[in-house]
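Visitor: Below are the sequence and a predicted model; questions follow.
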Amino acid sequence: MQSFRTELENPVVEKDIIALAEKIHEFNGGKLDEEKFRSLRLARGIYGQRQPGVQMIRIKLPYGKVSSQQLRRICEVSEEYSTGRLHITTRQDIQIHYVDINRTPELWAQLERDAITIREACGNTVRNVTASETAGIDVNEPFDVSPYAHALFQYFLRNPISQEMGRKFKVSFSASDADTGLSYMHDLGFIAKIENGIRGFKVMLGGGLGSQPRHADEMYSFLPADQIIPLMDGVVRVFDRYGERKSRAKARMKFLLKDVGLDGFKTLLEEEQLAIPFKSYEIDADSYPKVIVSEAEVPEVIIEDPNNFELWKSTNLVPQKQKGYVAIGIKVLLGDFYIDKARQLADLVEKYAAGEFRMTLRQNILIPYVKKSLLPFFYQELKKLGFVEVGYNSAVDITACPGTDTCNLGIASSTGIAEKLEQVIKAEYPHYIDNPDVIIKISGCMNACGQHNMANIGFQGMSIRTKDKLVAPALQVLLGGGNLGNGNGRYADKVIKIPSKRGPQALRLILDDFDENGEGQSFVDYYEEKGQMYFYDFLKPLSNLDDLTSSDFIDWGNTEKYEQAIGVGECAGVVIDLIATLLFDSQEKLETAKLNLEEEKWAASIYHSYSSMVNTAKALLTSEKTKVNTHISIIKDFDRLFVATGKFKLEKGFEKTVLQLKENAPTEAFAKAYLKDAETFLSGVEAYRQLELTTA
């Protein structure tokens with residue numbers, strides 16, 4: 001392998017990137033197992049595409065905040081290593097596609113020059129921490145949640161307790177009771193509150209979307225801000241130990257909550273308290289970088305299309321609590337835009353606003369701190385870039401995942417139908433262009449990356465089979481979902497499945513009925529009043545498969561006949577069951593634990609030692625074809641099958657040995673003793689395994 005140097009100021013980041021380059025080299029040389037490598041690259045934001053031989057890179061942008069300089073850096077990277085197209089996700093990330101995996105270390109290094117990471121943007125990790133895009137400017141917020149979201153992001157980045165969980169873990173912050181961060185559908189959701197002059201949060205636990213959406217439980221009505229990081233530290237530890245690992249379909253936090261209940265979970269959380277390194281974690285919000293607004297003068301502007309200007313102002317401006325300023329919402333069709341426009345936008349915002357953007361949960365861009373006096377100028381400049389389309393965050397602003405364009409799991413086109421539905425609304429329902437109360441979302445499969453099952457009107461891509469066994473693209477129509485505020489929400493009901501090409505007609509029928517019978521209600525209330533069967537009855541004719549035409553077998557945005565082709569999903573990483581790979585991995589964890597000791601990071605060292613012991617036990621249980629669904633089952637089964645039977649001698653028993661981390665504070669003395677226990681255990685298992693192989 002050629003020598004790879006990043007020349008970065010941060011030695012931790014540099015070491016991480018060099019390690020990735022080495023692992024890619026090992027994989028290409030056949031020295032690293034494919035499943036192990038997949039898990040490793042996913043935790044570094046490198047995701048397989050539907051197209052063979054190329055990768056999607058997910059750039060992690062905490063709470064969607066991006067500076068002009070960072071956006072320019074992302075453009076440079078996309079131009080050099082990708083296609084020049086940027087894609088905003090529903091988790092406020094930016095993705096670029098068609099990247100050669102061998103170039104990802106240098107791509108990552110380039111991003112880090114402006115403090116941008118891809119670390120833990122995918123895989124079984126704490127994913128991007130999202131937040132209300134209006135945080136810091138929200139007229140109703142009790143305080144700015146940005147410093148708290150940022151502190152949590154920093155605490156869990158590279159934290160050993162959240163590197164190899166059973167599945168991904170998602171966190172959100174909401175600026176106010178409007179709950180625009182959607183706390184009710186997250187593993188952990190925080191809603192800003194103030195009680196008795198103390199900053200804190202309402203805490204929601206165990207929400208999620210996917211094929212089985214679950215509304216989060218209210219864990220605390222108020223938790224002081226200095227407790228949110230210790231809380232999440234404990235929650236992640238419990239999830240890591242007790243969460244399902246074998247069955248990906250049941251490996252999210254919501255299923256653990258369903259199994260043990262909120263009270264049971266709190267009991268498990270209490271058992272972890274001694275191991276958590278911080279009993280309180282003060283977040284210095286006052287040291288968060290202050291906003292600096294440009295004072296540059298602009299030339300006088302004459303608006304040539306005053307009617308369009310007024311319409312744009314009515315739909316695309318967001319009020320700001322700072323006097324004299326507003327935020328501008330840019331509607332980005334399907335979240336896709338190109339680097340030529342992105343660069344010009346970065347320069348414009350740096351020169352005439354605060355040099356700051358927010359990528360939004362609805363795949364748009366918000367520009368805060370625009371002087372009201374500069375609105376004519378900004379309108380004119382944004383118009384040149386094609387960024388003044390009206391309907392920001394309205395019914396015409398449809399959210400859609402990439403679907404079959406690039407995703408391995410895509411079943412039907414979500415982007416194609418989204419474009420068509422927007423055309424229908426603009427042409428036939430112009431009164432919805434400034435209607436923020438009807439939310440439409442589309443996903444290409446059940447995994448809900450487009451959040452279809454929390455929308456007022458949702459569509460999920462799937463397929464249908466005719467009596468003649470012909471397969472056509474289809475849409476599941478879902479209705480009645482919505483955010484009710486303050487941690488409350490409603491998930492949409494599945495109403496009916498129809499051929500994809502009938503999606504526009506379904507939307508027409510729904511909107512026509514809402515116009516006629518909605519009687520001024522919100523869509524959620526209208527749906528509740530009418531009920532699921534009401535909508536099923538008038539949509540049912542669209543589900544008839546006896547009169548399909550040839551065009552029904554061609555998906556939106558395609559010219560060839562539809563073929564259902566689902567690849568291997570990588571949304572949550574992969575469970576690794578190869579014994580040799582597991583033991584090698586255990587040794588690597590011990591090496592990291594030793595390094596942590598040298599750096600005086602006692603808690604980190606302890607958790608790496610813990611992970612090594614569980615991983616090592618998993619190796620032997622795998623050799624016995626025993627289920628290894630959760631960490632706690634691995635711990636108990638090793639005692640039952642190896643220690644109690646006398647196959648493996650362990651004086652204190654495995655459970656007592658490994659769970660010492662719950663009974664001891666993270667001190668230097670305990671970290672050293674625990675590491676020694678882990679080294680002794682691994683040596684014993686390796687000897688046992690070697691004897692087993694030689695006598696087989």
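Guide: That came in fine, so what should we check first?
Visitor: Okay, buried residues for the lowest-mean-pLDDT helix or strand in the chain please.
Guide: Ranked by mean pLDDT, DSSP states H and E, the helix or strand of the chain with the weakest confidence is helix 34-42, at a mean of 83. For helix 34-42, a neighbour-count test (16 or more other Cβ atoms under 10 Å) marks K36, F37, R38, S39, L40, R41, L42 as buried. Bear in mind the C-beta positions are built from the backbone N, C-alpha and C, glycine included.
Visitor: Also stretch 418-436?
Guide: Those would be A418, E419, K420, L421, E422, V424, I425, Y429, Y432, I433, D434, N435, for stretch 418-436 by 16+ other Cβ under 10 Å.
Visitor: And for stretch 323-332?
Guide: Of all the residues in stretch 323-332, those buried under the rule 16+ other Cβ under 10 Å are Y325, V326, A327, I328, G329, I330, K331, V332.
Visitor: how long is it end to end?
Guide: End-to-end span of stretch 323-332 (Cα to Cα, to the nearest Å): 27 Å.
Visitor: C407 contacts C401, doesn't it?
Guide: Yes: between C407 and C401 there is a contact at 6.9 Å, judged by Cβ atoms under 8 Å.
Visitor: thinking again about what came up before, counting by contacts, list what the least confident helix or strand of the chain packs against.
Guide: Judged by 3 or more Cβ pairs under 8 Å, 6 or more residues apart in numbering; DSSP states H and E, the packing partners of helix 34-42 are helix 11-28, helix 579-598.
Visitor: rerun at 6 Å
Guide: If contacts are counted by 3 or more Cβ pairs under 6 Å, 6 or more residues apart in numbering; DSSP states H and E, helix 34-42 sits against no helix or strand.
Visitor: and the lengthiest helix in the chain with helix 579-598, angle?
Guide: When the chain is parsed with DSSP state H, its longest helix is helix 668-695. Helix 668-695 and helix 579-598 meet at an angle of 160 degrees, taking axes from the mean of the first three to the mean of the last three Cα atoms, to 10 degrees as the criterion.
Visitor: which residues of this structure score low on pLDDT?
Guide: Residue ranges of the chain with pLDDT under 70: 1-7, 404-406, 408-410, 564-578, 695-696.
Visitor: Please parse it into its domains.
Guide: 11-112, 130-287, 306-384, 399-553, 579-695 (automatic domain parsing).
Visitor: out of these, nearest to Y392?
Guide: domain 306-384 (3.3 Å; Cβ to Cβ).
Visitor: Do me a favour and get the end-to-end distance for the closest one?
Guide: This stretch, domain 306-384, spans 16 Å end to end (Cα to Cα).
Visitor: Also stretch 431-449?
Guide: Note: stretch 431-449 ends 28 Å apart using Cα to Cα.
Visitor: List the buried residues of the strand or helix carrying T622.
Guide: Element membership for T622 (DSSP states H and E) is helix 602-623. Buried residues in helix 602-623, counted by 16+ other Cβ under 10 Å: 602-622.
Visitor: Following element in sequence after it, please.
Guide: helix 631-638.
Visitor: so what does that next one touch, helix or strand wise?
Guide: Looks like helix 631-638 contacts helix 228-242, helix 602-623, helix 654-658 (3+ Cβ pairs under 6 Å, 6+ apart).
Visitor: and the angle from it to helix 228-242?
Guide: 40 degrees.
Visitor: so how far is helix 631-638 from its chain's centroid?
Guide: Centroid separation for helix 631-638 versus its chain: 29 Å, with Cα atoms, centre = their mean, to the nearest Å.
Visitor: Name the residues that touch that helix?
Guide: Residues outside helix 631-638 that contact it (Cβ atoms under 6 Å, 6 or more residues apart in numbering) are R241, Y242, V614, A617, K618, L621, T626, V628, F654, E655, V658.
Visitor: Please render those residues as a markdown table that adds distance to K371 to the earlier fields.
Guide: As requested, those are arranged in a markdown table below (distance: Cβ to Cβ, whole Å):
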| residue | distance to K371 |
| --- | --- |
| R241 | 52 |
| Y242 | 52 |
| V614 | 56 |
| A617 | 62 |
| K618 | 59 |
| L621 | 64 |
| T626 | 66 |
| V628 | 59 |
| F654 | 65 |
| E655 | 63 |
| V658 | 59 |
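Visitor: just curious, which of these is nearest to D286?
Guide: R241 (36.3 Å).
Visitor: wait, what's in contact with the closest one?
Guide: By Cβ under 6 Å, 6+ apart, the neighbours of R241 are H631, I632.
Visitor: how many other residues sit next to M446?
Guide: Other residues lying near M446 total 17 when counted by other Cβ atoms under 10 Å.
Visitor: Hmm, it is touching L209, no?
Guide: No: at 9.3 Å, M446 does not count as touching L209 under the criterion of Cβ atoms under 6 Å.
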